[in-house]
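Student: Let me see the structure of the following:
(one chain, ligands or ions: 1)
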Amino acid sequence: MAGTVEQNIMPSPIKIEEDEQQNVEAIRALKAKYGKSVIVLAHHYQRLGVHTCGDVTGDSYALCKAAASQQDAQHIIFCGVRFMVTSAATLCRPDQTVYHPDRNAGCPMADMANLPQVMRSWLELGEFTDTKKVVPVVYMNSDLDLKAFCGERGGIVCTSSNARKVFDWSFNRGEKIFFFPDEHLGRNTANAYGIARDQIILWDPHKVNGGNTAEQIINAKVILWKGYCHVHTRYTAPMIEEVRAKYPGIKIVVHPECTEDVVKVADAVGSTNFIQDYVKKMQPGDKVAIGTEVNMTHRMAVQNPDKFITPIVRSLCPNMFKISTRDLRDCLEQLDTWEPVKVDPREKYFAKLALDNMLSCAG
Ligand code: SF4
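Tutor: Numbers count the residues shown, from 1 in each chain. Predicted coordinates for the structure are as follows:
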């Protein structure tokens, strides 16, 4: 059993196919030709072949830090989804260029909040509370104009790695947090922070005042946007019970974009970097079921052949999956003509304030 993943629910092969291997070799040759002038950043949810080609791999926080600190690289190729790529383009130096191997790779959760909705909600909040005392906190998984909205109002960007520190930072500066667009990361962080249930309210952007009464808004400490990740909300508490019944002694580790019901029954919760470290620290023969994107679970099974690693159920991010080794190879081969990622200068200025706040508060 050790070193496998559950075949009945995850039949796809966990290896790099032959044609992909040819792309991987071509990518390595191209990278050797470019030397230090090119760097490839790859998110943990990328397919095995793409992830293998990353000079830096990690969660969105780690990759943002990497983009902000590149000394030698002139060209940064980002294998991830759009919100990560525009954040990297905001944080890198003006003389550096960021490329996205597939510009169609977006994020449905990021699309659950847009600037007009957020601005209207902010005005509605202002009818009941002094918004100077509200800190806008935007999850990394958001468009750049929303990061700019936060930067302009003294707010901050949050990731699943640093959410607790961002709450500390925010409550040192204000009385309420307006958190968007992921309800669940916000709720799980607020729960772990010990905020009373009646002081956490849900803001539905399709309803007047988010669907809340004046009293609820005045009493709230954390206001959560009604958005979610379909990859992580797929897991349920009964699924975890089923896995535990099937594999006695198995540990359950999940991502904080899962619902609070799932987080409550898990053994551990954390970002993709946290999950990776958790698995690394397990003993040979240990068993773990993972509640995050299945390509990452696949890869951890390959990298930890002495442990039993299974997804709680198979849940794939179709957008992360869009980037193939072929796309990365094309991007490197056609670097001279590949369209670089462009960001609006005003958005970049204010978004950088919120991203810099994130980098400085999390250390
Ligand atoms: S896993 Fe969820 S939050 Fe991450 S990119 Fe995919 S849809 Fe967006």
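
Student: Show me how the protein divides into domains.
Tutor: 18-104+320-342, 110-228, 237-311 (automatic domain parsing).

Student: In JSON lines, list those along with mean neighbour count, distance to residue 359 and mean pLDDT.
Tutor: Using the backbone N, CA and C atoms, a C-beta is placed for each residue, glycine as well. Output for the domains of the chain, formatted as JSON lines (neighbours: other C-beta atoms under 10 Å; distance: least, C-beta to C-beta, whole Å; pLDDT from 0 to 100):
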{"stretch": "domain 18-104+320-342", "mean neighbour count": "19", "distance to residue 359": "6", "mean pLDDT": "95"}
{"stretch": "domain 110-228", "mean neighbour count": "20", "distance to residue 359": "9", "mean pLDDT": "97"}
{"stretch": "domain 237-311", "mean neighbour count": "19", "distance to residue 359": "15", "mean pLDDT": "96"}
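
Student: Tell me which of those sits nearest to residue 351.
Tutor: Comparison of these against residue 351 by C-beta to C-beta identifies domain 110-228 as nearest, at 3.7 Å.

Student: Start and end of that closest one, how far apart?
Tutor: 9 Å (C-alpha to C-alpha, to the nearest Å).

Student: so does it get close to the ligand?
Tutor: Yes: Domain 110-228 is in contact with the ligand by C-beta under 6 Å from any ligand atom, via residue 141.

Student: Can you tell me who residue 97 pairs with across the strands?
Tutor: Going by DSSP bridges, residue 97 is paired in beta bridges with residue 75.

Student: In contact with it, which residues are there?
Tutor: Neighbouring residues of residue 97 by C-beta atoms under 8 Å, 6 or more residues apart in numbering: 74, 75, 76, 340, 341.

Student: Report the separation between the residue nearest to the third one when sequence neighbours are not counted and residue 39.
Tutor: Taking C-beta to C-beta, 6 or more residues apart in numbering, and ignoring the residues beside it in sequence, residue 76 has residue 98 as its nearest neighbour in space, at 4.7 Å. Remark: distance between residue 98 and residue 39 (C-beta to C-beta, to the nearest Å) = 10 Å.

Student: list residues touching both of the two?
Tutor: 76, 77.

Student: Whichever residue of the stretch 251-363 of the chain sits closest to the ligand: how many residues sit nearby?
Tutor: Among the residues of the stretch 251-363 of the chain, residue 317 lies closest to the ligand, at 3.4 Å counting by C-beta to the nearest ligand atom. For residue 317, the count of nearby residues is 24 (other C-beta atoms under 10 Å).

Student: if I read this right, it contacts residue 45, doesn't it?
Tutor: Yes: Residue 317 lies in contact with residue 45 (C-beta atoms under 8 Å); the separation is 5.4 Å.

Student: Report the contact partners of residue 157.
Tutor: Residue 157 neighbours (C-beta under 8 Å, 6+ apart): 87, 137, 138, 139, 140, 147, 150, 166, 354, 355, 357, 358.

Student: Ramachandran angles for the fourth one?
Tutor: Just to be clear, that refers to residue 139. Backbone geometry at residue 139, expressed as degrees, to the nearest 10, gives phi -70, psi 150.

Student: May I have the beta-bridge partners of it?
Tutor: Legend: beta-bridge partners of residue 139 under DSSP bridges are residue 158.

Student: so who does it touch?
Tutor: Contacts of residue 139 (C-beta under 8 Å, 6+ apart): 157, 158, 159, 179, 180, 181, 182, 185, 186.

Student: What distance do you get for it to residue 330?
Tutor: Applying C-beta to C-beta to residue 139 and residue 330 gives a distance of 31 Å.
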